[in-house]
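Trainee: Pasting the sequence and the predicted model now:
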Amino acid sequence: MCKLIVITGPTASGKTHKAVALAKAVDGEIISADSRQIYRGMDIGTGKDIDEYDSVPYHLIDICPAGYKYNLYEYLRDFSKAEAGVRARGRLPILCGGTGLYVESVLKGISLPEVPENRALRKSLEGKTLEELTTILEKMKTLHNTTDVDTTKRAIRAIEIQSYYAEHPELERHTVPKPVEDAVVVGVSIDREARRRRITERLHSRLEGGMVEEVRRLLESGISSDDLVYYGLEYKYVTNYVIGKMSYDEMVSLLEIAIHQFAKRQMTWFRGMERRGIKIDWIPYDVSDDDFVEKVLKLMRQ
């Protein structure tokens, strides 16, 4: 019997809508796998669309204040709690989102111990460039993605974690991955032209719906511009517009390009997941909700 359903795919593919239709059919609850929808107050830019969930319970949305730096350890901890709660209620957990790192880590059963802050190590790394920190980290582990070295803060934290592992080899037996068995992984596929069209339409809809005002409110609430830029995409470009670093037209143009590039990177990650042994069953974005649900039910019965 299927223990977990995953609905993933690139941005603007309509994942949430399909996941909600499925959840209603199988008495499920949705656990988000979106790295930015966890933040309160970041609604329009992350496309939460809470109304879309209707009566379906959802989890791991609005769980942290904007400005906080959430990480993979915290996500896996919070996912585990949410999933246990869904199962305890006798319902089926549906993991839905496009953050490939979160989805793959859950499916592979990655276990990460809590690593305390090492102030002495952090002080010794102060002043080093991102390139220097990346070189240090590359000597400690194989970098499968760039999330560890997006910023100097992340790189220092990654070095801190690897150093802790090296100092505590006994942790190795506690961090052996336990892949999820009996999971059905569904990808919502969308052709390039349709994806580009939907991204463009959605961007303009969000701008008209108050995305600039949302960023202004976040800045006025005391969140620094650097913290908002850290979240990338909409928050990076709109913040730079609001603080006067670029014109409105430049912001829209560069943001649209960045979102298209982001969608391509998502697809690259999903293809990598398939190469790394995770089977993804792709279903077209434009099938009806009933057909989508029937296709997933068939996969669950296999």
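Mentor: Perfect, thanks for sending it.

Trainee: where are the low-confidence patches of this protein?
Mentor: Within the chain, the segments meeting pLDDT under 70 span 1, 144-150, 172-175.

Trainee: Following the chain past the helix or strand where residue 259 lies, name the next helix or strand.
Mentor: Residue 259 belongs to helix 248-275 when elements are defined using DSSP states H and E. Toward the C-terminal end, the helix or strand that comes next after helix 248-275 (DSSP H and E) is strand 281-284.

Trainee: First-to-last residue distance for stretch 184-202?
Mentor: Taking C-alpha to C-alpha, to the nearest Å, stretch 184-202 runs 29 Å from one end to the other.

Trainee: Oops, could you answer that again for stretch 66-79 instead?
Mentor: Termini of stretch 66-79 sit 19 Å apart (C-alpha to C-alpha).

Trainee: Ok, stretch 226-246 next?
Mentor: Counting by C-alpha to C-alpha, the length from the leading to the trailing residue of stretch 226-246 is 15 Å.

Trainee: can you pull the buried residues of the helix holding residue 259?
Mentor: For helix 248-275, the neighbour count (16 or more other C-beta atoms under 10 Å) marks 251-252, 255-256, 259-260, 263, 266-267, 269-270, 273 as buried. From N, CA and C alone the C-beta is placed, and that goes for glycine too.

Trainee: Those residues into a markdown table, with extra columns for distance to residue 36?
Mentor: As requested, the buried residues of helix 248-275 are arranged in a markdown table below (distance: C-beta to C-beta, whole Å):
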| residue | distance to residue 36 |
| --- | --- |
| 251 | 18 |
| 252 | 20 |
| 255 | 15 |
| 256 | 18 |
| 259 | 13 |
| 260 | 18 |
| 263 | 15 |
| 266 | 13 |
| 267 | 19 |
| 269 | 16 |
| 270 | 18 |
| 273 | 20 |
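
Trainee: tell me which of these is nearest to residue 88?
Mentor: The shortest distance between residue 88 and any of the buried residues of helix 248-275, using C-beta to C-beta, involves residue 273 and amounts to 28.8 Å.

Trainee: if we can go back for a sec, any idea which of the buried residues of helix 248-275 is the one closest to residue 169?
Mentor: Of all the buried residues of helix 248-275, the one sitting nearest residue 169 is residue 273; the distance, using C-beta to C-beta, is 29.0 Å.

Trainee: quick one: that closest one from residue 105, how far?
Mentor: 11 Å (C-beta to C-beta, to the nearest Å).

Trainee: With residue 221 instead?
Mentor: Here residue 221 is placed at a distance of 31 Å from residue 105 (C-beta to C-beta).

Trainee: Please say which of the two ends up with more neighbours.
Mentor: In this comparison of residue 221 against residue 105, neighbours counted by other C-beta atoms under 10 Å, the higher total goes to residue 105 at 20 against 11.

Trainee: Please save the CA atoms from the host helix or strand of residue 297 in PDB.
Mentor: Taking DSSP H and E as the definition, residue 297 sits inside helix 289-301. The C-alpha atoms that make up helix 289-301 are tabulated as PDB, following Å, rounded to 0.1, in the frame of the first residue of the first chain:
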ATOM      1  CA  ASP A 289      -8.400  16.900 -12.400                       C
ATOM      2  CA  ASP A 290     -10.400  13.700 -12.700                       C
ATOM      3  CA  ASP A 291      -8.000  12.200 -15.100                       C
ATOM      4  CA  PHE A 292      -5.000  13.300 -13.000                       C
ATOM      5  CA  VAL A 293      -6.500  11.600  -9.900                       C
ATOM      6  CA  GLU A 294      -7.300   8.400 -11.800                       C
ATOM      7  CA  LYS A 295      -3.800   8.200 -13.200                       C
ATOM      8  CA  VAL A 296      -2.300   8.600  -9.700                       C
ATOM      9  CA  LEU A 297      -4.700   6.000  -8.200                       C
ATOM     10  CA  LYS A 298      -3.600   3.600 -10.900                       C
ATOM     11  CA  LEU A 299       0.000   4.200  -9.900                       C
ATOM     12  CA  MET A 300      -0.900   3.600  -6.300                       C
ATOM     13  CA  ARG A 301      -2.400   0.200  -7.100                       C
END
